[in-house]
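[1] Dropping the sequence and predicted coords here.
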Amino acid sequence: MSATPKHPALDDVSKKIVELLQEDGRRPYAEIGRAVGLSEAAARQRVQRMTEAGIIQIVAVTDPMQLGFHRMSMIGIRVDSDPRAIAQELTKITELAYVVVTLGTFDILVEAVCESDEDLIDLIATRIRTIPGVTHTESLLYAGLYKDLYNWGTR
């Protein structure tokens, strides 16, 4: 996923396809086609093009707690160099589900999904803080997950 948009705006048909897939990522192409006025093959091609272009991903969204990941945290990171380069380095860490450069108190925000407190401590102490340029981290531990949706549409 790119930090800056490089794709042309989606037309109304593609937006509707995205919204239909956000409701049900396993929706059949024939049903998608009927809903947007395309053939099954044309709907499949549109989805394939959007997937190959990196506009959409079709994945199973899990509940981390039910899979044994009992410690989640948002981590604010301050750096003394170009945050984009450090963010790119952070994307290599599998425990980080979300990496974004910000323009506020922190230079980078990441979301960590770990099995335990010990795993989170190890992640921060030995893998995040040791990246050259990282000067400060602040962890916001999740005490409860109340909403985590991916169906916000295309607006």
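    Looks like it came in fine.

[2] CA only for contacts and neighbour counts going forward, please
    OK.

[3] and R78, helix, strand or coil?
    What DSSP: H, G, I helix; E, B strand; the rest coil gives for R78 is strand.

[4] hang on, it packs against L103?
    No. With contact defined as C-alpha atoms under 8 Å, R78 does not reach L103; the gap is 10.8 Å.

[5] So which of those two has more stuff around it?
    Set R78 next to L103 and count neighbours by other C-alpha atoms under 10 Å: R78 wins out with 19 against 7.

[6] gap between the more buried one and E40?
    48 Å (C-alpha to C-alpha, to the nearest Å).

[7] for A143, same thing?
    To E40, A143 is 44 Å away according to C-alpha to C-alpha.

[8] and if you look at A87?
    Applying C-alpha to C-alpha to A87 and E40 gives a distance of 39 Å.

[9] what about the two, which has more around it?
    Taking other C-alpha under 10 Å, A87 and E40 do not tie; A87 has more neighbours (18 against 15).

[10] so what's the more buried one up against?
    A87 is in contact with V99, V100, V101, I108, counting by C-alpha atoms under 8 Å, 6 or more residues apart in numbering.

[11] Beta-bridge partners for the residue nearest the centre of the chain, please?
    Centroid check for the chain by C-alpha atoms, centre = their mean gives Y98 as the closest residue, at 5.1 Å. Judged by DSSP bridges, the bridge partners of Y98 are E111.
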